[in-house]
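Chemist: Structural data only, the sequence is not supplied:
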Ligand SMILES: Cc1cc2nc3c(=O)[nH]c(=O)nc-3n(C[C@H](O)[C@H](O)[C@H](O)COP(=O)(O)OP(=O)(O)OC[C@H]3O[C@@H](n4cnc5c(N)ncnc54)[C@H](O)[C@@H]3O)c2cc1C
Ligand SMILES: NC(=O)c1ccc[n+]([C@@H]2O[C@H](COP(=O)([O-])OP(=O)(O)OC[C@H]3O[C@@H](n4cnc5c(N)ncnc54)[C@H](O)[C@@H]3O)[C@@H](O)[C@H]2O)c1
């Protein structure tokens, strides 16, 4: 082995978190190295957010044909899906998104080292038989789909989102195992693309929802499109023709399986044992979510690797916090944003702020809106789903929301801002809401909350002074 190479900062992992950390580090110094193993281009652009949304867009576009007749558009039955063409577009646009990331990595020039990093101590990293000595280490190694050892023998009958978007065609019967965000998104998309999908969920709760009303609503809507067996862990065994999926007393034979049973942090073989801090069952040390620091060591863990919140905007924040603290004279604490998760099913699922489960029953009021009869939703044949808003009984503030509703992705952002700003229901109702928009549904839920509060129920508008002009007053 050659003499150690010294550098100020080492960032391990060129994903969204790692690249965000590098950007932050570059504000102070160019004395850093970015070490990456595996493919460049980030999980988000390569095999995550972007290709999954591309597949969903194609599936939803095709699915719209079911309401064409209602709109007076005929001969929808002559439309057909061309799966190879669908996947080809997914990859073409995916490659475009990836190329943007590749350019930013390329611009880092010889600051980038390709190879698998392993920690030797809190200030030494080994890559390709070379030792690098540094002052601070940022670990942003991402996560990997969980695949039980005995499922791996199924080889190409078993897909994950790492392989799904590489397919040029799919077999006709697919089981999706796990109904978290990935499972519900992919099961609905594949079903809408004409695949005979059967879904399995070990829990009754879909996509992390905790509100039983919202969960029941989306469960019924999805169940109308494909069967969902929930409550038991699925087990797989190979058959001559495919795979037998068994859960409780249900057994279904399929051609292929998509495993969506969660993701695990890529920390297993990185050598965290050398840090001398306790590791949990998943091999993860305690990480301060406001600093991203591990204990009081010069080591930070950010992004999916931290397992704190595997969604992109949080992952990017964690990278920035870690990068900032790695080059700062002292460790700074940062507030985290209002929690927000959006799952791109139709209707979309969203959870903002406190979940139903986190709200105290004694201190929480609930306002609800059903979208079945909502004006704009009916106009667009999107009239399904429910929104539930939670307010603090004591101060009238909005504290959380769960929904499965059309355009939830947009309403979620408005609600997140309101929660972040600690607005009361009366203050939120003071904003203008246009007509006819889906947000009028949200106003229904807000008004329901307002009626339960001891504040002014009569008017959404606040009172002002008279103008003392006959014409205006
Ligand atoms: C199918 C799917 C859909 C998703 N959809 C959404 C969505 O709609 N919205 C949303 O907000 N989030 C979504 N996510 C989550 C989001 O994509 C991830 O949270 C995010 O991409 C994780 O970024 P990261 O930087 O932590 O990891 P990554 O982008 O995975 O980067 C980690 C990098 O580290 C490298 N690495 C690993 N080990 C080592 C090592 N020992 N040495 C050197 N390098 C190493 C890896 O090869 C990789 O290049 C989705 C995820 C998936 C899988
Ligand atoms: N729209 C989005 O924001 C989005 C989309 C996709 C993924 N993601 C992120 O990716 C991460 C991973 O997503 P995920 O859906 O893979 O994981 P998850 O942990 O959210 O869900 C996995 C589900 O599989 C179930 N399960 C586990 N073993 C099972 C078995 N043997 N049989 C049946 N069910 C089983 C679990 O009970 C759980 O409900 C999430 O944390 C999410 O943050 C986000």
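Modeler: Okay, I see it. Since we're looking at a predicted model, the values are computed, not measured. Ligands and ions are numbered 1, 2, ... in the order given.

Chemist: In terms of secondary structure, what does the strand or helix carrying residue 352 contact?
Modeler: Following DSSP states H and E, one finds residue 352 within strand 348-353. Where contact means 3 or more C-beta pairs under 8 Å, 6 or more residues apart in numbering; DSSP states H and E, strand 348-353 is packed against strand 340-343, strand 398-405, helix 408-420. (Glycine included, C-beta is placed from N, CA and C.)

Chemist: can you tell me the average pLDDT over it?
Modeler: Strand 348-353 shows an average pLDDT of 98 in the prediction.

Chemist: contacts for that strand?
Modeler: 184, 206-210, 214, 218, 338-343, 390, 398-409, 411-412, 415-416, 419 (C-beta atoms under 8 Å, 6 or more residues apart in numbering).

Chemist: about what we covered before: packed most tightly, which of the helices and strands packed on strand 348-353 would that be?
Modeler: Of all those, strand 398-405 has the most neighbours on average by mean count of other C-beta atoms under 10 Å, namely a mean of 29.

Chemist: centre of the chain versus it, how much separation?
Modeler: Distance, stretch centre to chain centre, for strand 398-405: 16 Å (C-alpha atoms, centre = their mean, to the nearest Å).

Chemist: Contact residues of the stretch 251-400 of the chain facing ligand 1?
Modeler: Listed as neighbours of ligand 1 in the stretch 251-400 of the chain under the rule C-beta under 6 Å from any ligand atom: 266, 270, 303-305, 310-312, 315.

Chemist: one more time with 8 Å, if that's ok
Modeler: Contact residues (C-beta under 8 Å from any ligand atom) of the stretch 251-400 of the chain with ligand 1: 263, 266, 269-270, 302-305, 310-316, 318-319, 341-344.

Chemist: If you tally nearby residues, what's the number for the residue of the stretch 301-450 of the chain at minimum distance from ligand 1?
Modeler: Distances between the stretch 301-450 of the chain and ligand 1 by C-beta to the nearest ligand atom are smallest at residue 303, namely 2.5 Å. Around residue 303 there are 36 other residues, counting by other C-beta atoms under 10 Å.

Chemist: so what's it scoring on pLDDT?
Modeler: Residue 303 is assigned 98 on the pLDDT scale.

Chemist: Leaving out the residues flanking it, which one is nearest to it?
Modeler: Leaving aside its sequence neighbours, residue 303 sits nearest to residue 17 (C-beta to C-beta, 6 or more residues apart in numbering; 2.6 Å).

Chemist: Whichever strand or helix holds the one you found and ligand 1, are they touching?
Modeler: In the assignment (DSSP H and E), residue 17 maps to helix 16-26. Yes - under the criterion of C-beta under 8 Å from any ligand atom, ligand 1 is reached by helix 16-26 at 16-20.

Chemist: what comes up buried for that helix?
Modeler: By 16 or more other C-beta atoms under 10 Å, the buried positions in helix 16-26 come out as 16-22, 24-25.

Chemist: re earlier: near ligand 2, from the contacts of strand 348-353?
Modeler: 184, 206-208, 341-343.

Chemist: got the residue ranges for the helices in this protein?
Modeler: Counting by DSSP state H, the chain has helices at residues 16-26, 43-46, 49-63, 68-71, 83-106, 161-164, 181-192, 212-223, 312-327, 375-379, 408-420, 425-429, 439-452.

Chemist: For residue 149, which residues are in contact?
Modeler: Contacts of residue 149 by C-beta under 8 Å, 6+ apart: none found.

Chemist: Check the spacing between it and residue 284 real quick.
Modeler: 20 Å (C-beta to C-beta, to the nearest Å).

Chemist: again, but for residue 3
Modeler: Residue 3 sits 33 Å away from residue 284, going by C-beta to C-beta.

Chemist: Now do the contacts for the residue nearest to residue 310 when sequence neighbours are not counted.
Modeler: In space, and not counting its chain neighbours, residue 310 is closest to residue 304: 4.9 Å by C-beta to C-beta, 6+ apart. Counting by C-beta under 8 Å, 6+ apart, residue 304 touches 15, 17, 43, 142-143, 263, 265-266, 310, 315.

Chemist: roughly how far out does stretch 318-331 sit from the chain middle?
Modeler: 24 Å.

Chemist: Show me which positions of that stretch end up buried.
Modeler: In stretch 318-331, the ones that count as buried by 16+ other C-beta under 10 Å are 318-327, 331.

Chemist: re earlier: which one of residue 3 and residue 284 has more residues nearby?
Modeler: Neighbours per residue, other C-beta under 10 Å: of residue 3 and residue 284, the larger number sits with residue 284, 19 against 8.

Chemist: thought the more buried one was touching residue 294?
Modeler: No - counting by C-beta atoms under 8 Å, residue 284 does not reach residue 294; the two are 9.5 Å apart.

Chemist: Distance-wise, check the residue of the stretch 351-473 of the chain found nearest ligand 2 relative to residue 99.
Modeler: Closest residue of the stretch 351-473 of the chain to ligand 2, C-beta to the nearest ligand atom: residue 409 (9.5 Å). Distance of residue 409 to residue 99, computed by C-beta to C-beta: 26 Å.

Chemist: Then residue 65?
Modeler: 33 Å.
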